[in-house]
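K.L.:
Any chance you can model this:
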Amino acid sequence: MKDNPVFVAAMLSLAIRACQAAPALKAAMKAYGRADYIEAASRLLAAAINGLPEAQQLLGFMYAIGGDFYPGIKRNMEVAGLWLERAARAQSPAARYMIEALARRGPAAVYADVKYCFDRIESMDDPLRQLMVSPVRC
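P.N.:
Alright, predicted model coming up:
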């Protein structure tokens, strides 16, 4: 597994894009796009309970990363692991990667990777940053 911090952020990006492509998650992703992470998590939870792997993996990422990136979402590694494992069993490569990254490097290192990448994105010229962090229209 790569130790480059970009890989964790790339997996998060894949998880977000997968959710945006899932019609059943339209309302959850609208809330996510508005930065209403509490509503997004609530809607993702309903879909995750119903077995939607895209919802399971993004919910796992949200709980693994927590409130600094997702205000209102308390970091909870036990809950994150549960949802990431369910998504991984449903063949989600992003969830499998996150499980491996957490096991190999630990939550603090993975969190530092995400922070590093998001800090770098924030320092980019605005058009490029918008391209990287804005919701994808499907």
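K.L.:
starting at the chain centroid, how far to whichever strand or helix holds Arg104?
P.N.:
Arg104 is part of helix 93-105, with elements assigned from DSSP states H and E. Centre-to-centre, helix 93-105 and its host chain are 12 Å apart (Cα atoms, centre = their mean, to the nearest Å).
K.L.:
again, but for stretch 79-87
P.N.:
12 Å.
K.L.:
List the buried residues of it.
P.N.:
Residues Val79, Ala80, Gly81, Leu82, Trp83, Leu84, Arg86, Ala87 are the ones in stretch 79-87 that count as buried (16 or more other Cβ atoms under 10 Å). C-beta here means a position set from N, CA and C on the backbone, and glycine is covered the same way.
K.L.:
so the second one touches Gln57, yeah?
P.N.:
No. At 10.3 Å, Ala80 and Gln57 do not qualify as touching, with contact defined as Cβ atoms under 8 Å.
K.L.:
Apart from its chain neighbours, what residue comes closest to Glu39?
P.N.:
Ala31 (3.9 Å; Cβ to Cβ, 6 or more residues apart in numbering).
K.L.:
export the helix or strand where that neighbour lies as PDB, just CAs?
P.N.:
Assessed by DSSP H and E, Ala31 sits inside helix 26-33. Output of helix 26-33 as PDB, limited to C-alpha atoms (Å, rounded to 0.1, in the frame of the first residue of the first chain):
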ATOM      1  CA  LYS A  26     -29.600  12.300  -4.200                       C
ATOM      2  CA  ALA A  27     -31.000  13.900  -1.000                       C
ATOM      3  CA  ALA A  28     -28.000  12.900   1.100                       C
ATOM      4  CA  MET A  29     -25.600  14.300  -1.400                       C
ATOM      5  CA  LYS A  30     -27.600  17.600  -1.700                       C
ATOM      6  CA  ALA A  31     -27.200  17.900   2.100                       C
ATOM      7  CA  TYR A  32     -23.500  17.000   1.800                       C
ATOM      8  CA  GLY A  33     -23.100  19.700  -1.000                       C
END
